[in-house]
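Undergrad: Quick one: sequence plus predicted model below, questions after.
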Amino acid sequence: MFEYAPAPESRSVVDIKPSYGLFIDGTFVDPADGGSFKSINPSSEEVLAEIAEGGAQDVDRAVRAARKAYDKVWGPMPGRDRAKYLYRIARIIQERSRELAVLESLDNGKPIKESRDVDLPLVAAHFFYYAGWADKLPHAGFGANPQPLGVAAQVIPWNFPLLMLAWKIAPALAAGNTVVLKPAETTPLTALLFAEICQQAELPAGVVNIVTGAGETGRALVEHDGVDKVAFTGSTDVGRAIARAVAGSRKKLTLELGGKAANIVFDDAPVDQAVEGIVNGIFFNQGHVCCAGSRLLVQESVAEQVLDSLKRRMAQLRVGDPLDKNTDIGAINSAAQLARIRELTEAGAAEGAERWSPPCELPDRGFWFAPTIFTGVTQAHRIAREEIFGPVLSVLTFRTPAEAVEKANNTPYGLSAGIWTEKGSRILWMADRLRAGVVWANTFNKFDPTSPFGGYKESGYGREGGRHGLEAYLNV
Ligand code: NAD
């Protein structure tokens, strides 16, 4: 194994303020009741900033600002003019991408090489892509003159803070809606920097409002009467609560929830490539990925060979400082998430699965979990059924393609799946039978703004990305 000298990215490019207000009607304001919470760096537990906690009154103010902007400015504005603002935002994101990437890694704990090379390019690409649609909506296949819905309430999780913001805000604005977005309570900082970017782009006041806070703030937002559309990404439990809350109202709803994806490796797959795909599938972003390949289904005849290679590869993974450019696996996002990963992995061992991690030194401070695999997993084990949302892989085996399909679909979720094989016909045969919104062939965790993304069953409904992503924000 190579010895790597420390290669930390400088954090001097980011200017974190001691405290942040709510972004309402184009300016930062104090919350009505003055509440606040802290956002910390999960790799060091250092407090990064004090964040305003929005209450029902603040949510009301933000929704009113969004309504006014919708009625007076953004709704009536021709698509070609909305496009100019979106292109401007996309360009500023590119110009400030280093700053955004460092801030994302500080607040979320993800390795800088991922925030820099994956999250930020995708964020900019999303704004560029939907900017392109803003003046072409009559050609999107939703009728001659599709109309926006109005005010969109958007609630996002902490695993891809800025990317989830882009998935929500870019299509909503392109379609002519205005938004109130609530970032996750552990990762609000890049959304607040995005608010500054909206000011820099001279986006009309009230078109984008950012209200920070936790679950109660999110609840007040999705339940507000003045909202026409609710878009949520997060856990299946909260998704259910939101579906109940908006049932019977005029609000249109899309839900992007959890997953327990199968990554299926056949005996004719190129082992080295498959192993890279397995590692990317479960250890990318510390496994905090709704579409993570968290169940490896490997054909019995090659299981030993694949596992040997996988273990060798895992021993090369570098866990540590998210700002170090050589880091592969950063910090777990919060103490609560770390506790959940520990609880489920302990259940895995107690239920009889065999646990393995490479030797790996974890920092003393912060929230850390070594990359882990479980073999001897059965379909009844909790670690095969429940979403762990951490760097933990459950390995199962199969003998025939039909058994692989059966096991892959044996989950309440249906967000994604991966197939590794040399045979094109087998890829098509499998993809036809897998109940998953996205099926990757000989790759994993590949995202593109032109491609729709979303789930079946308890993974939610509606699609984000591509032409399909516009539908959720149009009256069709
Ligand atoms: P969560 O559902 O608790 O939180 C997601 C967002 O919803 C946060 O902004 C949170 O403040 C808000 N929220 C919480 N309660 C709410 C309520 N009653 N009404 C409105 N908003 C509310 O999820 P989490 O704790 O951030 O993550 C834990 C789980 O979420 C993971 O284990 C995984 O299952 C799931 N998850 C899925 C995705 C995905 O992309 N599909 C992404 C992240 C997390």
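TA: Noted; the coordinates are in hand.

Undergrad: Just the element for Asp135, please.
TA: When elements are assigned from DSSP states H and E, Asp135 belongs to no helix and no strand.

Undergrad: ok, it touching Lys84?
TA: No - using CB atoms under 8 Å, Asp135 is not in contact with Lys84, being 9.5 Å away. (Glycine included, C-beta is placed from N, CA and C.)

Undergrad: what's around Glu403, how many residues?
TA: 15 (other CB atoms under 10 Å).

Undergrad: Tell me if I am right that it is in a strand.
TA: No - looking at Glu403 with DSSP: H, G, I helix; E, B strand; the rest coil, it is helix, so not inside a strand.

Undergrad: Tell me how many other residues crowd Arg250.
TA: Burial of Arg250 is recorded as 11 neighbouring residues (other CB under 10 Å).

Undergrad: How about the one 4 residues further on?
TA: Thr254 has 22 neighbouring residues, counting by other CB under 10 Å.

Undergrad: Direction included, what does the strand or helix carrying it pair up with?
TA: Here Thr254, judged by DSSP H and E, is contained in strand 252-256. Take DSSP bridges as the rule and strand 252-256 pairs in its sheet with strand 229-233 (parallel), strand 460-461 (antiparallel).

Undergrad: following the last one, which helix or strand shows up next?
TA: Helices and strands here follow DSSP H and E; after strand 460-461, the next one along the chain is helix 466-471.

Undergrad: so how many other residues sit close to Val246?
TA: Val246 has 18 neighbouring residues, counting by other CB under 10 Å.

Undergrad: again, but for Val73
TA: Other residues near Val73 come to 16 when the count uses other CB under 10 Å.

Undergrad: The closest residue to it other than its chain neighbours: what secondary structure?
TA: Spatial nearest neighbour of Val73, excluding adjacent residues (CB to CB, 6 or more residues apart in numbering): Pro204 at 4.5 Å. The three-state label given to Pro204 by three-state DSSP is coil.

Undergrad: center of the chain, which residue is that?
TA: Most central in the chain under CA atoms, centre = their mean is Phe160, positioned 4.0 Å from the mean C-alpha point.

Undergrad: pLDDT score assigned to it?
TA: Looking at Phe160, its pLDDT stands at 98.

Undergrad: Just to check, Gly287 is in contact with Ser394?
TA: No - Gly287 lies out of contact with Ser394 (CB under 8 Å); the separation is 11.3 Å.

Undergrad: intersection of neighbour lists for those two?
TA: Common neighbours of Gly287 and Ser394 (criterion: CB atoms under 8 Å, 6 or more residues apart in numbering): Ser294.

Undergrad: Of the two, which one has the most company?
TA: Ser394 (29 against 25).

Undergrad: neighbouring contacts of the next helix or strand after the strand holding Thr254?
TA: The helix or strand immediately downstream of strand 252-256 is strand 262-265, counting by DSSP H and E. Applying CB under 8 Å, 6+ apart, the external contacts of strand 262-265 come out as 274, 277-278, 281-282, 293, 295-299, 302, 306, 398, 404, 407-408, 411, 417-420, 430, 434, 444.

Undergrad: So which of those would count as near the ligand as well?
TA: For the ligand, no contacts are drawn from the contacts of strand 262-265 by CB under 6 Å from any ligand atom.

Undergrad: and the closest residue to the ligand within the stretch 151-300 of the chain, how many neighbours?
TA: Relative to the ligand, the nearest point of the stretch 151-300 of the chain is Gly218 (2.3 Å; CB to the nearest ligand atom). Look at Gly218: counted by other CB under 10 Å, it has 26 neighbours.

Undergrad: now the strands for the stretch 151-300 of the chain?
TA: Along the stretch 151-300 of the chain, the stretches classed as strands by DSSP state E, counting those that start in this stretch are 151-155, 178-182, 208-210, 229-233, 252-256, 262-265, 295-299.

Undergrad: Same question for the stretch 1-150 of the chain.
TA: Taking DSSP E, counting those that start in this stretch as the criterion, the stretch 1-150 of the chain carries its strands at 19-20, 22-24, 27-29, 36-40, 47-52, 147-148.

Undergrad: So which other helices or strands are in contact with the last one?
TA: The reference is to strand 147-148. Judged by 3 or more CB pairs under 8 Å, 6 or more residues apart in numbering; DSSP states H and E, strand 147-148 is in contact with strand 474-475.

Undergrad: so what secondary structure elements neighbour the strand it packs on?
TA: strand 147-148.

Undergrad: residues making contact with the strand it packs on?
TA: Identification of contacts with strand 147-148 by CB under 8 Å, 6+ apart yields 70, 75, 175-177, 473-475.

Undergrad: Ok, stretch 451-464 next?
TA: With contacts defined as CB under 8 Å, 6+ apart, stretch 451-464 is touched by 167-168, 171, 231, 236, 239, 253-259, 290-291, 412-415, 435-438, 447, 465-469, 471-472.

Undergrad: picking that back up, pick the most deeply packed of the strands of the stretch 1-150 of the chain.
TA: strand 22-24 (a mean of 26; mean count of other CB atoms under 10 Å).

Undergrad: Okay, and the beta partners of Ala152?
TA: Here Ala152, judged by DSSP bridges, has bridge partners Val179, Lys229.

Undergrad: Might you report the residue contacts of it?
TA: 168, 172, 177-180, 227-231, 473.

Undergrad: out of the residues you listed, which is most surrounded?
TA: Highest neighbour count within the contacts of Ala152, by other CB under 10 Å: Val180, with 31 neighbours.

Undergrad: my guess is that one contacts Arg64, does it?
TA: No - between Val180 and Arg64 there is no contact under CB under 8 Å: 9.8 Å.

Undergrad: Next one: Ile264 from Phe367, what distance?
TA: Using CB to CB, to the nearest Å, Ile264 is found at 31 Å from Phe367.

Undergrad: Can you name the residues of the stretch 201-350 of the chain that neighbour the ligand?
TA: Counting by CB under 6 Å from any ligand atom, the stretch 201-350 of the chain sits next to the ligand at 214-215, 218-219, 222, 233-235, 238, 241-242, 256-258, 290.

Undergrad: switch to 8 Å and redo it
TA: Counting by CB under 8 Å from any ligand atom, the stretch 201-350 of the chain comes close to the ligand at 213-219, 221-223, 232-239, 241-242, 245, 256-259, 288-291, 336-337, 340.
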